[in-house]
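*Asks:* Give me a 3D structure for the following:
(2 chains)
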Protein chains: 2
Amino acid sequence: MKVNGKHVRTVRFENGKCIMIEQNKLPFEFSWYVAETYKDSCHAIKTMIVRGAGAIGAVGAYAMAQAALEAPEGNYLEFIDAAKQTINNTRPTAQNLFYATEAVYQKAKKNRNDAVIEAERIADENAEEGRLIGEFGNQLIQSGMRIETHCNAGWLAFVDYGSALAPIYAAHDAGKNVFVYADETRPRAQGGRLTAWELHNHGVPHEIIPDNAGAYLMAQGNVDMMIVGADRIVANGDVANKIGTLEKAIAAKYYGVPFYVAAPCSTFDLNTVSGQDIPIEQRGAEEVMQQTGPDHNGEMHSITVNHPNSACINPAFDVTPAELIQGIITDKGIIQANEIAIKKLFTL
Amino acid sequence: MKVNGKHVRTVRFENGKCIMIEQNKLPFEFSWYVAETYKDSCHAIKTMIVRGAGAIGAVGAYAMAQAALEAPEGNYLEFIDAAKQTINNTRPTAQNLFYATEAVYQKAKKNRNDAVIEAERIADENAEEGRLIGEFGNQLIQSGMRIETHCNAGWLAFVDYGSALAPIYAAHDAGKNVFVYADETRPRAQGGRLTAWELHNHGVPHEIIPDNAGAYLMAQGNVDMMIVGADRIVANGDVANKIGTLEKAIAAKYYGVPFYVAAPCSTFDLNTVSGQDIPIEQRGAEEVMQQTGPDHNGEMHSITVNHPNSACINPAFDVTPAELIQGIITDKGIIQANEIAIKKLFTL
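*Replies:* Residues are numbered from 1 along each chain as shown, chains lettered A, B, ... in the order given. This next block holds a predicted model:
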């Protein structure tokens, strides 16, 4: 997608370095983070320099390739074994990460070069998946629609195109008149910061809404469709995604607003039976208690935004049951959120 | 209620001055704002130095009394007429405000002194209503319950005790073991700032939760009951309250969590037939785009927290349909949220 008119990918690999957009600095500063080693790449995933299922997968793939390049001749296999573990431990919920490290690890066991080629293949595949999700999802969108989305499942969350935003970009590029309500998505405000920044850069009309205003807009008949991304989709069609997705899905059901999930096939985890089996990452309190941003002079500050002597919880994801989901937009077509449809998708 | 061990009321009247807690500075600084004139009191309502249905009502009553004290002999009636209009225009949604100004205005038409006495009566009545809501609501609470609340409907929102928090304080004071989940309540974070501060001061165990985590907690079976306040309850039982209340009520219904509204009788507006007729205040974008708080040195900053080049919406309230409400806890008892029960309440 484009930044300042120039085509960029969220993540790329150059001479053993994994180079990615520093997403913690967006939307206030556009810069690149260069991960020199696989441990730098792990740091980037952990601290959310890179975030979003697909982009994490690509960085995980590149990190595994970096580990293969860094592994000493003497204990090559032990090194890449341990590295795989370290990479997988950076974030517990994203299915794409485990898929990516496993694929590159299998090649790395043979030789370093194959690992790099496999990592590049995964990144290219991810971009192509986004393009296809956009193509399929665009079929659901009529001109004039107002679409709500949660968190950021745009191209920043992938290598390119995105998942939830891919159909919106495809519709917009096809000349359809689409309007997006971007949920702010506290505590990290990926919607208010990243989705809004992306949409602005691409010229898609949109408004940021406080997470609390979702049902209000639906009650007024102002939301024609919701599209969200997914961090993991399990065998029965339950979907783990950014905290707050569940609440929006329940509200959408109540108001009869079609609620779609968009995700590439690599997000599916057929080994997990139901959403109740998905481990939910609990993140630190500081994300809820502190916010960082520029003052009117552009100087960055971290400020306390809630009562500092109270405890708080910070679950990163929730699980939306399949019954609330109208359909899943994948890179192989749009399917229903149930076991039969998902099984069929993987036997195509 | 108590602050630093000393009993205080949120709002009081002394020698023609309306003295109130500066709620914009909480939870970081506890201080008093002194409104010397009725226009100062209007300023306090408009800028949310005072907020919350009951507290706004009390300040509105005192403001009307101030106007009577300030009115020149020559055009006394014109002055108090205009003042009433100005006071009512500060916030469009809170029913208590209109109730309070009307009551004091009727006395002011006779003489100044009666206006002051009536304003004091309204403030006392408000505190007593909170106490009674606590007494009735406490009957619903069993020891061990985990109660979620939205926004701040505690004693800061009233003259004393509060509405939604009054039953919790009553249960806590009666020795019951209660735990509160306080929704952060973006954009102004009245839950994370004010409710958390109140509960902390009173020693009630609690955690702040991002608004997005409400349904997540309910899905896990961690919420036994929700109690929220109300800015206006209309004839059919629909309830206007802080933005996000609707979404929580829908989620509570989906998970079978009893959803209660707590409010004094002065919050009822029997002249409005249904929630669709309640005007919803649209506030400025800066509340969503900016946040203010102290850095680690205690220095206050206003920072930008979302993409500054995007537009945003900021509706202050939403309307929860009566069908989602288990019951309304009033100062005259607990009633069902429907026309018959509400009519009966007012003919008691």
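
*Asks:* Which residues of the stretch 51-200 of chain A lie near chain B?
*Replies:* Neighbours of chain B within the stretch 51-200 of chain A, by C-beta under 8 Å from any C-beta of the partner chain: A:182, A:184-187, A:189, A:192-193, A:196-197, A:199-200. From N, CA and C alone the C-beta is placed, and that goes for glycine too.

*Asks:* And those residues, which two are furthest apart?
*Replies:* Maximum pairwise distance among these (C-beta to C-beta): 22.0 Å, between A:187 and A:200.

*Asks:* give me the element residue A:288 is part of.
*Replies:* Assigned by DSSP states H and E, residue A:288 belongs to helix A:286-289.

*Asks:* Can you list the buried residues in the following helix or strand past that helix?
*Replies:* Using DSSP H and E, the helix or strand that directly follows helix A:286-289 along the chain is strand A:290-294. Buried residues in strand A:290-294, counted by 16 or more other C-beta atoms under 10 Å in any protein chain shown: A:290-291, A:293-294.

*Asks:* how much space between the spatially most distant residue from the centre of chain A and chain B?
*Replies:* Computed with C-alpha atoms, centre = their mean, the maximum C-alpha offset from the centroid of chain A is found at residue A:74, amounting to 37.2 Å. The gap separating residue A:74 from chain B is 46 Å, by C-beta to the nearest C-beta, to the nearest Å.

*Asks:* where in the stretch 51-200 of chain A is pLDDT low?
*Replies:* Within the stretch 51-200 of chain A, the ranges that satisfy pLDDT under 70 run A:93-94.

*Asks:* Okay, helices next: where are they in it?
*Replies:* Applying DSSP state H, counting those that start in this stretch to the stretch 51-200 of chain A gives helices spanning A:53-70, A:76-88, A:95-108, A:112-138, A:166-173, A:190, A:196-202.

*Asks:* okay, the ones you listed in JSON lines with mean neighbour count next?
*Replies:* Output for the helices of the stretch 51-200 of chain A, formatted as JSON lines (neighbours: other C-beta atoms under 10 Å in any protein chain shown):
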{"stretch": "helix A:53-70", "mean neighbour count": "29"}
{"stretch": "helix A:76-88", "mean neighbour count": "17"}
{"stretch": "helix A:95-108", "mean neighbour count": "23"}
{"stretch": "helix A:112-138", "mean neighbour count": "21"}
{"stretch": "helix A:166-173", "mean neighbour count": "24"}
{"stretch": "helix A:190", "mean neighbour count": "28"}
{"stretch": "helix A:196-202", "mean neighbour count": "23"}
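
*Asks:* Out of those helices, the one nearest residue A:340 is which?
*Replies:* Comparing the helices of the stretch 51-200 of chain A under C-beta to C-beta, the one sitting nearest is helix A:112-138, at 19.2 Å.

*Asks:* I'd like the distance from the closest one to the chain centre, please.
*Replies:* Its chain's average C-alpha position is 14 Å from that of helix A:112-138, according to C-alpha atoms, centre = their mean, to the nearest Å.

*Asks:* Next, name the residue at the spatial heart of chain A.
*Replies:* Central residue of chain A (C-alpha atoms, centre = their mean): residue A:52, at 2.6 Å.
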